[in-house]
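Peer 1: sequence plus the predicted model coming up.
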Amino acid sequence: MNKKISIFIPAFNAEEHIVKVINRIPQSIRPELNAVYIINDGSSDNTASVIDQLGKNDLSIKPVHFKNNKGYGWAVRTGLKMCLDDGCDYAVCVHADGQYPPESIPGFIDKMQNEGIDILQGSRIASGTALSGGMPLYKFIAGKCLTALENLVFGLRMTDYHSGFLLYSRRAIESIPLEKLSGSFDFDLEVIASARAKGLSIAESAIPTRYAGEKSYLNPITYGLRVLRVVCKYSLGGYIS
């Protein structure tokens, strides 16, 4: 079955990595690729000029610029809305720092299509490479604790709710009230909470873990509190709408 794929990449101060990420997108999906949206979230480095040049070299690459930094959730929401508008069947979120594997997109899309999955998340834990791939021990332990709680509340059997490598079916983008979700890093977890509340199919597949000294803009304490807020909100029926 033919399918159309769109990719979006939230990018903040990503001048060092974004070209390599683009080059890692498999050639095998090029015939099915609608567009690659790079959402420049008010970067203060040369990200804007780098992605503008990428867009000149490849017309399938669509740079989008925020004048000021709005936050991860705003960038993801913008990317998803652009994917929805371009008529794609599947939307893929890839991060600009290179931690998540564009090479896995074809296999993930096939799994979604064959199994009717609406949200497919890449799991660094399921791959067994979390610590060997450089994940800090505190993140590994905190993630295990949060995942146990999230599985209990959401009624799922996931191993990694906190990976940003997420693929969406068109039905998921159309069903989830994106405008109501967080503008911060807990956006992805709210997507899962909303999808679960709406009875959409959620699954995960293993991806390799890759930490190579990229700068993180996520505050782990604030993020952990936001995760607990999402879990509590879901428990109280806050995502049923």
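Peer 2: Done, it's in.
Peer 1: lowest-confidence helix or strand of this protein?
Peer 2: Ranked by mean pLDDT, DSSP states H and E, the weakest helix or strand in the chain is helix 137-154, scoring a mean of 91.
Peer 1: what's the following helix or strand after the strand ranked longest in the chain?
Peer 2: As assigned by DSSP state E, the longest strand anywhere in the chain is strand 33-41. With elements assigned by DSSP states H and E, the helix or strand that comes after strand 33-41 is helix 47-57.
Peer 1: so what secondary structure elements neighbour that next one?
Peer 2: The contact analysis (3 or more CB pairs under 8 Å, 6 or more residues apart in numbering; DSSP states H and E) places helix 47-57 against helix 18-23, strand 33-41, strand 61-66. Placement of C-beta: from N, CA and C, glycine included.
Peer 1: now do the strands in the protein.
Peer 2: 5-11, 33-41, 61-66, 90-93, 119-123, 166-169, 202-206.
Peer 1: how many neighbours does the closest residue to residue 147 other than its chain neighbours have?
Peer 2: Take residue 147 and drop its neighbours on the chain: the residue closest to it by CB to CB, 6 or more residues apart in numbering is residue 161, 5.7 Å away. Residues near residue 161, counting by other CB atoms under 10 Å, number 24.
Peer 1: who's in contact with residue 161?
Peer 2: 121, 146-147, 150, 188-189, 192, 227 (CB atoms under 8 Å, 6 or more residues apart in numbering).
Peer 1: need those in CSV (columns: distance to residue 176).
Peer 2: Below are the contacts of residue 161 laid out as CSV (distance: CB to CB, whole Å):
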residue, distance to residue 176
121, 14
146, 21
147, 21
150, 17
188, 11
189, 12
192, 10
227, 18
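Peer 1: closest to residue 46 among these?
Peer 2: Taking CB to CB as the measure, residue 46 lies nearest residue 188 of these, at 27.1 Å.
Peer 1: right, and residue 205 touches residue 125 too?
Peer 2: No - the criterion here is CB atoms under 8 Å, and residue 205 misses it with residue 125 at 11.7 Å.
Peer 1: now do the contacts for residue 58.
Peer 2: Taking CB under 8 Å, 6+ apart, one finds 22, 36 in contact with residue 58.
Peer 1: same deal with the one 3 residues further on?
Peer 2: When the contact criterion is CB under 8 Å, 6+ apart, the partners of residue 61 are 22, 35-36, 38, 51, 54-55.
Peer 1: between these, which sits nearest residue 65?
Peer 2: residue 51 (8.3 Å).
Peer 1: burial measure for that closest one, as a count.
Peer 2: Other residues near residue 51 number 28, with proximity taken as other CB under 10 Å.
Peer 1: how about a markdown table for the strands of the chain, with distance to residue 232 and mean pLDDT added?
Peer 2: Converted to a markdown table, the strands of the chain look like this (distance: least, CB to CB, whole Å; pLDDT from 0 to 100):
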| stretch | distance to residue 232 | mean pLDDT |
| --- | --- | --- |
| strand 5-11 | 26 | 98 |
| strand 33-41 | 28 | 98 |
| strand 61-66 | 30 | 98 |
| strand 90-93 | 25 | 98 |
| strand 119-123 | 21 | 97 |
| strand 166-169 | 22 | 98 |
| strand 202-206 | 19 | 97 |
